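Novice: Task: produce atomic coordinates for the following.
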Amino acid sequence: MGEDLRGILEYKVYSNEVNAQAEMPLAKVVEILIDSASRHAESRGFGYQDLKKKNQAWVLARVALEMSRYPKVDEIVKVETWVEGINRVFSSRNFKLTDVNGETLGYARTIWSVIDFSTRQSVDLTTYKGIAEFKYDYPCPIDVPSRIGKIEDVAPETYKIRISDLDVNRHLTSKRYIERMIDRFTLEDFDNKRISRFEIQYLNEIIYDDEISVLKQDLSESEYVLEIKNSEGVSCCKSKCLFTTI
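Specialist: Numbering: from 1, shown residues only. Below you'll find the model as predicted:
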């Protein structure tokens with residue numbers, strides 16, 4: 001396998017971060033994946049500060065996440081991350097989450113691209129010197145993100161984008177997309193069930209002062225699809241949630 005090119009980072013679960021079930025919420029799990037990816041890329045010369053000099057940035061396109069359980073207050077979560085593949089447009093990056101005893105909490109697959117803010121176009125990743133050497137052959141046993149089709153909802157909920165919703169690029173944060181969709185469920189849903197598999201496709205940016213519509217469709221008693229549209233009716237994000245009874 002050669003040199004171990006994984007990044008290995010640790011995160012503590014604090015009481016002010018957990019949800020009503022005293023667990024790390026789904027949006028926070030995705031947030032630490034993004035942070036660990038950013039820090040790993042930074043250590044290899046392809047991180048935020050490196051790309052910022054070229055007016056470029058990594059953009060998360062897709063996530064598929066499977067969790068056997070969510071970490072609780074005061075637990076330490078170890079996140080292992082590695083790049084599975086790189087082509088001209090996309091980089092696939094995977095993750096493994098474990099507790100301090102080595103118990104596997106979950107796995108994730110993600111797809112990223114680099115955007116040039118001057119042209120608003122994707123950057124050819126193969127032009128980055130040495131990035132192909134970043135790939136690492138390590139197993140990730142979950143399925144890749146699936147295609148999410150048309151979503152029907154006769155009564156979507158609306159939400160106005162405010163300052164606290166924005167990231168450094170002045171778009172709706174990756175975390176907020178997830179939180180807005182999770183809010184379509186009830187507290188009882190999460191008292192009795194957990195999301196065991198979650199997929200999200202980021203399609204278009206959402207900006208300040210836009211009014212979004214959050215759609216939700218039940219596929220079964222345990223599987224749901226969701227979508228966020230902007231005020232012009234453009235699809236900005238799609239998601240699929242699979243719940244498991246606890």
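
Novice: all contacts plus neighbour counts: C-alpha atoms, from now on.
Specialist: Will do.

Novice: In this protein, where's the longest helix?
Specialist: helix 26-43 (DSSP state H).

Novice: Can you list the buried residues in it?
Specialist: Using 16 or more other CA atoms under 10 Å as the test for burial, helix 26-43 gives 26-30, 32-34, 36-41.

Novice: How far off centre is that helix?
Specialist: Distance, stretch centre to chain centre, for helix 26-43: 9 Å (CA atoms, centre = their mean, to the nearest Å).

Novice: Give me the average confidence score over that helix.
Specialist: Taken as a whole, helix 26-43 has a mean pLDDT of 96.

Novice: Next: stretch 150-159.
Specialist: 95.

Novice: residues in contact with stretch 108-128?
Specialist: Residues from elsewhere that reach stretch 108-128, judged by CA atoms under 8 Å, 6 or more residues apart in numbering: 54-66, 86-96, 131-132, 140, 142, 144-145.

Novice: 7 Å instead?
Specialist: Residues outside stretch 108-128 that contact it (CA atoms under 7 Å, 6 or more residues apart in numbering) are 55-66, 87-96, 144.

Novice: Now which of those would you call buried?
Specialist: By 16+ other CA under 10 Å, the contacts of stretch 108-128 give 56-58, 60-66, 90-96, 144 as buried.

Novice: Okay, now the unreliable bits of this structure?
Specialist: For the chain, the stretches with pLDDT under 70 are 1-2.

Novice: Repeat the analysis, applying 90 as the threshold.
Specialist: For the chain, applying pLDDT under 90 flags the ranges 1-4, 44-50, 117, 120, 126-134, 154, 168-169, 246.

Novice: residue boundaries of the helices in it?
Specialist: Ranges of helices in the chain, per DSSP H, are 26-43, 48-52, 174-182, 187-192.

Novice: Need those helices in a markdown table (columns: distance to Thr81).
Specialist: Shown next, in a markdown table, are these (distance: least, CA to CA, whole Å):
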| stretch | distance to Thr81 |
| --- | --- |
| helix 26-43 | 7 |
| helix 48-52 | 17 |
| helix 174-182 | 18 |
| helix 187-192 | 28 |
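
Novice: any idea how far the closest residue in space to Ala108 that isn't next to it in sequence lies from Arg93?
Specialist: What sits nearest to Ala108 in space, not counting adjacent residues and going by CA to CA, 6 or more residues apart in numbering, is Leu65, at 4.3 Å. As judged by CA to CA, to the nearest Å, Leu65 and Arg93 stand 12 Å apart.

Novice: and if you look at Glu42?
Specialist: 14 Å.

Novice: Might one say that Ile206 is in contact with His171?
Specialist: Yes: counting by CA atoms under 7 Å, Ile206 touches His171, with 5.5 Å between them.

Novice: higher neighbour count, these two?
Specialist: For Ile206 and His171, the more surrounded residue by other CA atoms under 10 Å is Ile206, and the numbers stand at 25 against 16.

Novice: Next, the contact list for that one, please.
Specialist: His171, Leu172, Asn230 are the contacts of Ile206 under CA under 7 Å, 6+ apart.

Novice: Now it: phi and psi?
Specialist: Main-chain dihedrals, Ile206, degrees, to the nearest 10: phi -120, psi 130.

Novice: right, and the helices of the chain - which one's nearest Leu226?
Specialist: For the helices of the chain, the distance to Leu226 is smallest for helix 174-182, at 6.7 Å, taking CA to CA.

Novice: what angle sits between the closest one and helix 26-43?
Specialist: Taking axes from the mean of the first three to the mean of the last three CA atoms, to 10 degrees, one finds that helix 174-182 is oriented at 160 degrees with respect to helix 26-43.
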